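> Sequence below, structure please.
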Amino acid sequence: MARPPSFSEFIAIDWSGQAVERPKGLAVARCHAGTSAPELVTRPGGWSRQALADWLLELGEQQIPALVGLDLSPAFPHADAGAFFPGWEDSPGDAVSLWAMVEELCVDDPHLGASSFVAHAEARRHFRQRFDCGDCFPPGRGRFRVVEHGQEAMQLSPYSCFNLVGASQVGKSSLTGMRVLYRLAGKVPIWPFDPLPDTGPVVVEIYTALAARQAGIRKGLSKIREGAALDTALAAFGSGPHAPLLRYDDHATDAILSAAWLRWISPRPEVWRPAGLTPELARTEGWTFGVV
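Numbering: from 1, shown residues only. Got it, this is the predicted structure:
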């Protein structure tokens, strides 16, 4: 790649694994090239995961040059054990096959949920769930992807995708996100699993806490709940002030700040060629955009 791809729109989606049709945690923000602040993209009654999948497919059909950040992990650890689910003979060999497996086992789960996956006799052995820690879940915090070790080196606090316990767990969001990625596969490029296209949208994994940290917000204080603090953080990314919101919550402000961050960081060549990203990781675990 001679230079980073060029985009005219930047979209950040704060994700949720909540097992309902319209999770309260789903928030979408979008901005255009320039300096205007991102704005929330809303739907009557709120977004559903299926509606978001359909919207992203429309961006692909229309070849909108948008960089889309999803706040979820697109795959499980693989490099540490040579498999997503060591000891399970049906363990998929790459991320695309993993998405297909999650879809197959969860096809009857409503709202693109993933409860059936973690209830599966073999899969559940690898997860720590409330009152049920699988025998393949290692002592301590669990398994991590290579990029999650990179997140720790940047003073972030990643959680294992196999940990489904606690307010900060990300496994349920990741599993429901995989059902959306399954629908996008082959239709909307997903970095780094797919080659970057000449035009049209590209989906990347984001970590909203990384945007907050690079905006100058100290660790432990990354949640923005009022307008003045949001404008201060946006200014760090060359963005003008936002239009006041009717209600400020973590999900809305995370999405708004992350959209501005995507616009700010995406022209940098190093974020598209991180030193630790190998062809094998690009096929299996993926990578968090912005971790270099």
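> which ones are touching the closest residue to residue 6 other than its chain neighbours?
In this structure, residue 6 finds its nearest non-sequential neighbour in residue 65, 6.8 Å apart by CB to CB, 6 or more residues apart in numbering. Using the backbone N, CA and C atoms, a C-beta is placed for each residue, glycine as well. Residues near residue 65 by CB atoms under 8 Å, 6 or more residues apart in numbering: 6-9, 199-201.
> Quick check: buried residues in stretch 247-254?
248, 251-254 (16 or more other CB atoms under 10 Å).
> can you give me the helices for the stretch 101-250 of the chain?
Under the criterion DSSP state H, counting those that start in this stretch, helices of the stretch 101-250 of the chain are mapped to 115-119, 146-153, 171-184, 208-214, 227-235, 250-265.
> now the ones you listed as JSON lines including distance to residue 283 and mean pLDDT?
Shown next, in JSON lines, are the helices of the stretch 101-250 of the chain (distance: least, CB to CB, whole Å; pLDDT from 0 to 100):
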{"stretch": "helix 115-119", "distance to residue 283": "21", "mean pLDDT": "96"}
{"stretch": "helix 146-153", "distance to residue 283": "13", "mean pLDDT": "97"}
{"stretch": "helix 171-184", "distance to residue 283": "14", "mean pLDDT": "96"}
{"stretch": "helix 208-214", "distance to residue 283": "23", "mean pLDDT": "95"}
{"stretch": "helix 227-235", "distance to residue 283": "35", "mean pLDDT": "96"}
{"stretch": "helix 250-265", "distance to residue 283": "24", "mean pLDDT": "97"}
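> hey, which of those is tucked in deepest?
helix 250-265 (a mean of 26; mean count of other CB atoms under 10 Å).
> Need the helices of the stretch 101-250 of the chain in JSON lines (columns: distance to residue 21).
JSON lines is the format used below for the helices of the stretch 101-250 of the chain (distance: least, CB to CB, whole Å):
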{"stretch": "helix 115-119", "distance to residue 21": "14"}
{"stretch": "helix 146-153", "distance to residue 21": "30"}
{"stretch": "helix 171-184", "distance to residue 21": "12"}
{"stretch": "helix 208-214", "distance to residue 21": "23"}
{"stretch": "helix 227-235", "distance to residue 21": "28"}
{"stretch": "helix 250-265", "distance to residue 21": "16"}
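> Identify whichever of those lies nearest to residue 27.
helix 250-265 (3.9 Å; CB to CB).
> tilt between the closest one and helix 227-235?
Here helix 250-265 runs at an angle of 20 degrees relative to helix 227-235 (axes from the mean of the first three to the mean of the last three CA atoms, to 10 degrees).
> Now the element after helix 250-265, going C-ward?
helix 269-272 (DSSP states H and E).
> Alpha carbons of that next one, in PDB - could you do that?
Only the C-alpha atoms of helix 269-272 are listed here, as PDB (Å, rounded to 0.1, in the frame of the first residue of the first chain):
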ATOM      1  CA  PRO A 269       0.300   5.100   7.200                       C
ATOM      2  CA  GLU A 270       1.400   3.300  10.400                       C
ATOM      3  CA  VAL A 271      -2.100   2.400  11.500                       C
ATOM      4  CA  TRP A 272      -2.600   0.500   8.300                       C
END
